[in-house]
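[1] Quick one, what's the 3D model for this:
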Amino acid sequence: MLSISSTSSSSTSHFLKTSGDDSTLSGSFNTDDNRPGLPNGMVYRSDGGIDPRIAAYTQQLTGAGETQNSIESKIADVEQQLMMERKMRSKTDKFYQKLIDAQQTKGADHKTMLAKVGKQRTEMTTKIEFLESAKRHLEMLYAEQWGLDLNLLYSFATSMGTEPLHLKESEDNQLLSFHKGRNKHSVQAGEPLGLFSFLFARQALLDGYLHHFFYTYHYFATAGELLQFIMEKFEAAISMYESNQQENRSKILCRALDILQVWVEGFYEVDFRKNPKVLEQLIIFTTEKIIPVDPQGQSLLHLLDKYQREKASINGGGWPNISRKLSSASQQSSPVRDPIISPSRPRHQDASPRSLKMGIMACFTKKDSSKQSNESTYLPVSSMDKEGFSLSQHTSLTLAQQLTLMQQDLFQRVHPVHYLNSRCKGIGVSTNNNSTTTTPSSITVVHNGMVGDVGDLCNSLFVDSLADDGIIQMLLDHARSISHWVSAEVVTCNSSKTQMALLSKFINTARACYDMRNFATCVQIMDGLDNLIVRQVPAWRSLPSKVVSIYENLCGVRMSLQGDSESLVTGDSHQPTLPPTLLFLMHVQQLEIGGFQLANGMYKWTKIKSIAKLIDLIRLFQDKVYDLEPDVTFQELLKQRADEFHHDDIQVLAAHNNLNFHQLSSNKGGRRLHNALQRVKANLQH
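    Got it, this is the predicted structure:
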């Protein structure tokens, strides 16, 4: 999501030239369009720290001194290893494909060879991923060299407007509060101006501060205020002519463009797409201020132009003037000053945001009740019979896989920031023990108003409201639809045997989803099965003990997911993961409880950082997707079936089916008594 420049050792050289009164950066760069974002999931663990294996490996490469020359040379070494490993992997892939093509005509020895080569391919892939992560970590170490020292931040933050900067060292920073460790200082709290300035600090990259900040700065500032700060510091740095300030000048200009690139590439949908004023300010500033100083600013315009064209293709609108600004900017590409080219600069001129998967965009639309007669609204329907199609024709694994793909299509469209401030959107929790149509004592959604009218619902935690296009609401609606569909399918079965088989299928489907780390669909199915009406059907008594054991284990899993967000990252973190939307929102709301400011007015960065770390899990989960074969026909039938039950009340559906109730034995006992009395009467007559 966030990105940093790719350093190609074979054709790239970066060095800081210092001669007399001048200090400039020079070099040439390649663009790696396939480069993952910053920070990469292989580099950063779920707790925000660096993977210790990668940190140890890079430290072994660079030794004790992490100088520019040593890091740059080691990047070249890792790049060479990557090139060799990729060549070997390519040869192995070709050989593996030949083995697969000849598999049907060969014997057992061939299968053994195929398994051996397949294992080698997996090992090579793991090694390539590790080396790529190590390379990115080295690049971040290199980029850290172009940040300001901490003792300069107070002078940097308090400089007035666009006047020339005169940075002075100061050990006492009244805008930031630090926790002083043995080797580094970590931010504990700060005023908005101080938190803005720390973006330019040397350690802002490796500490994860950059992406944590962009996730959460809406708690204490607006996008316009942040952009104004960056623009002012950039213009002020341009006017720094003192010979002893040229190195700091270069650092500020480089880091400012890095920050803007990271901001646009990772957060365009959140901060710019529906904020035309801020977007126009950024376009004008890039064209008139950045590009004359550094032609590399054109990459930022290319990125903005790409996003606007994508928006125009969807909505029929856009900013046609960006293309004209690009063409005019290219004519002005000769810098009026020495070009500022940073090794930490993102080089993604063709970068694109995560593609929006529209697979079930219009899924689960409401039925027009006016087109149905009242008599047929609640008629029981046979289990999944639709034009010769039956749920029994598909295995639990197949059902789990297709439901997983449906959930993934929606999940890939959400941004981590959308999980913040959800209580203000009317999303809360309620324990409803009396309702017969919801899960007993379970978390349910409480809506206080229309989603999107943030200012009218409650006091927002954000300084300014954000538009999310209702993506979170779509995920919640999808979850309720699946749970409701599961309940409806069970209570509308046409025989006891079918009902027992369907209960077993849904339980096994939930287990398959859990094994695939699709916790979202697993919880949805369990909520449907735990409906009070469904729990009363007699078929539960006939379930095999093995199925009952699986159900009880899944109940424990759901309780674990409700109580601890860390349960989402337990197990194999390299597998795709789909979190349950509502439970994840509740964990975020739990962290949002309480004040965000100290008594002195500073914002609690430790609290804000903990929230950022939690929602960053969404990015990590989205980085890995399920490689499953979609069955479009099956998915459409599932959507259609869920839509048919959308407005049906589970209690009314169950009331039309005698299978959902325990049969009383009073009639059978009365007949026995009647027969006994008849026999006594016959004996007396004789």
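[2] In contact with Q174: list those residues for me.
    Shown in contact with Q174 (CB atoms under 8 Å, 6 or more residues apart in numbering): Y154. (Each C-beta comes from the backbone N, C-alpha and C, glycine too.)
[3] quick one: secondary structure of it?
    Here Q174 is recorded as coil under DSSP: H, G, I helix; E, B strand; the rest coil.
[4] Please tell me the pLDDT value assigned to it.
    Note for Q174: predicted pLDDT of 93.
[5] Pop out the phi and psi values for it.
    phi -80, psi -10 (degrees, to the nearest 10).
[6] can you start the count at 34 instead of 1 from here on
    New numbering, starting at 34: the last item is Q207.
[7] That one and Q221, how far apart?
    For Q207, the distance to Q221 equals 14 Å [CB to CB, to the nearest Å].
[8] before we move on, what about L424?
    Separation of L424 from Q221 (CB to CB): 55 Å.
[9] shared neighbours of Q207 and Q221, which are they?
    Counting by CB under 8 Å, 6+ apart, nothing touches both Q207 and Q221.
[10] between L424 and Q221, who's got more neighbours?
    A direct count of neighbours by other CB atoms under 10 Å for L424 and Q221 places L424 higher, at 20 against 16.
[11] so where does I317 fall, helix or strand?
    helix 309-318 (DSSP states H and E).
[12] Name the helix or strand for T431, please.
    T431 belongs to helix 429-444, assigned by DSSP H and E.
[13] Give me the mean pLDDT for that helix.
    Mean predicted confidence for helix 429-444 is 96.
[14] Show me what that helix is packed against.
    Counting contacts by 3 or more CB pairs under 8 Å, 6 or more residues apart in numbering; DSSP states H and E, helix 429-444 is packed against helix 504-524, helix 529-548, helix 552-562, helix 665-677.
[15] Tell me what angle the third one forms with helix 429-444.
    Right, the one you point to is helix 552-562. Interaxial angle, helix 552-562 versus helix 429-444 (axes from the mean of the first three to the mean of the last three CA atoms, to 10 degrees): 120 degrees.
[16] Helix 552-562: how far from the chain's middle?
    Relative to its chain's centre, helix 552-562 lies at 20 Å (CA atoms, centre = their mean, to the nearest Å).
[17] contact partners of that helix?
    Counting by CB under 8 Å, 6+ apart, 433, 436-437, 440, 444, 472, 475, 512, 515-520, 523, 536, 539-540, 542-544, 546-547, 567-568, 584, 587-588, 590-591, 594, 601, 610-614, 616 sit against helix 552-562.
[18] Report the buried residues of the next helix or strand after that helix.
    Next helix or strand after helix 552-562 toward the C-terminus (DSSP H and E): helix 565-568. Residues of helix 565-568 classed as buried by neighbour count (16 or more other CB atoms under 10 Å): L565, I566, V567.
[19] Export only the CA atoms of helix 565-568, formatted as CSV.
    Extracted in CSV, the C-alpha atoms of helix 565-568 (Å, rounded to 0.1, in the frame of the first residue of the first chain):
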residue,chain,number,x,y,z
LEU,A,565,-32.5,-19.4,18.7
ILE,A,566,-35.0,-21.0,16.3
VAL,A,567,-32.4,-23.1,14.6
ARG,A,568,-31.0,-24.3,17.9
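[20] how many degrees apart are the helix or strand following it and helix 529-548 in direction?
    Going down the chain from helix 565-568, the next helix or strand is helix 578-596, by DSSP H and E. With the same axes, to 10 degrees as the basis, helix 578-596 and helix 529-548 are set at 50 degrees to each other.
[21] What distance do you get for D682 to N454?
    For D682, the distance to N454 - CB to CB - is 33 Å.
[22] I should have written H143 there, sorry.
    58 Å.
[23] repeat for G223
    21 Å.
[24] Which one's more surrounded, those two?
    A direct count of neighbours by other CB under 10 Å for G223 and N454 places G223 higher, at 25 against 22.
[25] Next one, pLDDT for that one please.
    96.
[26] what is it paired to in the beta sheet?
    L209, Y636 (DSSP bridges).
[27] So it sits against S210, correct?
    Yes - using CB atoms under 8 Å, G223 and S210 qualify as a contacting pair, with a distance of 6.4 Å.
[28] so what's in contact with these two at the same time?
    Common contacts of G223 and S210 (CB under 8 Å, 6+ apart): M635.
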